[in-house]
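K.L.:
Sequence unavailable; structure follows:
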């Protein structure tokens with residue numbers, strides 16, 4: 001059984017994991033994708049669909065955590081325009 005607290009916790013975990021990306025564009029994409037996904041499914045009432053969406057969210061969390069490790073192990077050699085300091 002999936003309750004509201006577990007869903008909110010999953011959303012927070014996904015947002016926190018997305019904040020760990022070193023690249024600004026990927027951080028913002030992860031944030032936008034997470035919030036859009038939860039907004040899209042906020043009106044689900046069928047228990048089986050809620051469980052399916054929760055399981056899919058857990059899978060996405062595992063993917064995000066794996067990709068963060070890869071991005072941290074192999075950071076980009078150049079910074080993007082949002083991360084450059086104005087001189």
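P.N.:
Cool, got the structure. Computed from a predicted structure; not experimentally measured.
K.L.:
Can you tell me which residue is spatially central in the protein?
P.N.:
residue 14 (3.8 Å; Cα atoms, centre = their mean).
K.L.:
mind checking which helix or strand the nearest residue to that residue once chain neighbours are set aside is in?
P.N.:
Excluding the flanking residues, the one nearest residue 14 by Cβ to Cβ, 6 or more residues apart in numbering is residue 34, at 4.5 Å. C-beta here means a position set from N, CA and C on the backbone, and glycine is covered the same way. Using DSSP states H and E, residue 34 maps to helix 24-40.
K.L.:
how about that helix: buried residues?
P.N.:
Within helix 24-40, the residues that count as buried by 16 or more other Cβ atoms under 10 Å are 26, 30, 34, 37-38.
K.L.:
isn't the residue nearest to residue 14 right up against residue 15?
P.N.:
Yes: counting by Cβ atoms under 8 Å, residue 34 touches residue 15, with 5.7 Å between them.
K.L.:
Can you name every helix or strand that the lengthiest helix in the chain contacts?
P.N.:
Counting residues, the longest helix found in the chain (DSSP state H) is helix 47-73. Packing contacts for helix 47-73, counted by 3 or more Cβ pairs under 8 Å, 6 or more residues apart in numbering; DSSP states H and E, involve helix 4-18, helix 24-40.
K.L.:
Present the ones you listed as JSON lines; the columns should include distance to residue 79 and mean pLDDT.
P.N.:
Formatted as JSON lines, those follow (distance: least, Cβ to Cβ, whole Å; pLDDT from 0 to 100):
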{"stretch": "helix 4-18", "distance to residue 79": "19", "mean pLDDT": "95"}
{"stretch": "helix 24-40", "distance to residue 79": "9", "mean pLDDT": "93"}
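K.L.:
Pipe those into JSON lines and attach distance to residue 70 per row.
P.N.:
Listed next are those as JSON lines, based on distance: least, Cβ to Cβ, whole Å:
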{"stretch": "helix 4-18", "distance to residue 70": "13"}
{"stretch": "helix 24-40", "distance to residue 70": "11"}
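K.L.:
so who does the residue nearest to the centre of the chain touch?
P.N.:
30, 34, 57, 60-61, 64 (Cβ atoms under 8 Å, 6 or more residues apart in numbering).
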